[in-house]
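Visitor: Take this sequence and fold it.
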Amino acid sequence: MATVIKKKIDDKKLDEFISTSERLMIDLNENWPKYASILGIVVLLVVILVYMDSSQKTKRSSMFQKISQAEWASTEANRDSTIKELEGIVNEFGGVEGVAYAELALARQYLLAGNSEKGSQLLSKIGSNDPTSLYSQLAALELGSHLELSGKCNEALGRFKSIIDGTASFTKAEAYIGSGRCQEVAGDKTSALVSYKAFIENFPGYAGHEFAEERIKVLGG
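Guide: Modelled structure (predicted):
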């Protein structure tokens with residue numbers, strides 16, 4: 001009796017399975033054009049995304065090549081034409097990932113040309129976009145160094161501090177040294193010693209150790 005009941009249950013499950021399969025097949029046959037359209041759209045989106053990624057990579061490669069060529073050929077004599085070329089690159093590749101590098105190169109040329117206002121504004125713009133990014137830290141270092149050379153050590157210290165507190169470790173060495181120099185100028189020998197010692201401790205073997213060690217001796221540390 002149990003075997004008969006089990007067989008009936010199994011037959012019922014089989015009928016339900018077949019019935020379900022038939023319904024799926026009927027639905028697929030009736031709605032195939034719609035499903036095909038959806039599939040086509042999905043495939044098209046994938047192709048577009050792949051193309052966009054490939055296109056972005058091609059644009060980035062072209063951009064970096066143009067920046068390198070402009071900076072490599074840059075001299076005091078052709079500073080104005082270099083600036084115009086870099087301005088063109090920034091406009092051409094606006095929105096491309098990494099365009100901040102072109103803006104950094106342009107800001108540097110502004111500063112070298114003596115246009116402190118334009119250079120500082122552009123560096124501040126880069127730094128405000130994403131304070132934790134690589135380009136932001138590079139911009140802060142460029143601006144801090146420019147401010148220091150311009151005798152504005154109080155402002156420079158703020159830029160150096162933002163680097164020290166940030167995540168881009170490879171710019172911190174210069175920031176510690178810059179902070180130490182500016183703190184010396186401000187007469188804050190204690191803070192300068194802290195900066196120089198932090199530099200030596202955190203960046204062993206880094207260029208600038210002799211300078212930092214000499215300043216520590218001079219300051220009595």
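Visitor: Low-confidence regions, the chain specifically.
Guide: Segments of the chain classed as low confidence (criterion: pLDDT under 70) are 1-55, 130-132.
Visitor: And it, split by domain according to the record?
Guide: 63-129, 157-221 (automatic domain parsing).
Visitor: nearest to Leu141, of these?
Guide: Nearest of the domains of the chain to Leu141, taken as CB to CB: domain 157-221 at 4.9 Å. Backbone N, C-alpha and C define where each C-beta goes, glycine included.
Visitor: Between the two ends of the closest one, how far is it?
Guide: 21 Å (CA to CA, to the nearest Å).
Visitor: Ok, stretch 178-192 next?
Guide: Per CA to CA, stretch 178-192 runs 10 Å from first to last residue.
Visitor: Of the domains of the chain, give the one that comes closest to Glu142.
Guide: domain 63-129 (5.5 Å).
Visitor: circling back: can you add distance to Leu149 and mean neighbour count and give the domains of the chain back as TSV?
Guide: TSV is the format used below for those (distance: least, CB to CB, whole Å; neighbours: other CB atoms under 10 Å):
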stretch	distance to Leu149	mean neighbour count
domain 63-129	9	17
domain 157-221	10	17
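Visitor: For His146, which of the ones you listed is the nearest?
Guide: Short answer: domain 63-129, nearest of the domains of the chain by CB to CB, at 5.4 Å.
Visitor: Quick one: the domains of the chain as a markdown table, columns for distance to Gly144 too.
Guide: Formatted as a markdown table, these follow (distance: least, CB to CB, whole Å):
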| stretch | distance to Gly144 |
| --- | --- |
| domain 63-129 | 9 |
| domain 157-221 | 3 |
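Visitor: Figure out the helix or strand that the nearest residue to Ala168 once chain neighbours are set aside lives in.
Guide: The shortest distance from Ala168 to any non-neighbouring residue, by CB to CB, 6 or more residues apart in numbering, is to Gln137 (3.6 Å). In the assignment (DSSP states H and E), Gln137 maps to helix 134-149.
Visitor: Quick one: list the elements packing against that helix.
Guide: helix 99-112, helix 116-129, helix 153-164, helix 172-185 (3 or more CB pairs under 8 Å, 6 or more residues apart in numbering; DSSP states H and E).
Visitor: Who are the contact partners of Glu71?
Guide: Going by CB atoms under 8 Å, 6 or more residues apart in numbering, Glu71 touches 82, 105.
Visitor: does it count as helix, strand or coil?
Guide: The local conformation at Glu71, judged by DSSP: H, G, I helix; E, B strand; the rest coil, is helix.
Visitor: try Ala77
Guide: Under three-state DSSP, the three-state class of Ala77 is coil.
Visitor: Over to it: give its phi and psi.
Guide: The phi/psi pair for Ala77 (degrees, to the nearest 10) reads phi -70, psi -30.
Visitor: Tell me how far it lies from Leu106.
Guide: Using CB to CB, to the nearest Å, we find Ala77 at a distance of 18 Å from Leu106.
Visitor: what's the answer for Phe211, then?
Guide: Distance from Phe211 to Leu106, by CB to CB: 30 Å.
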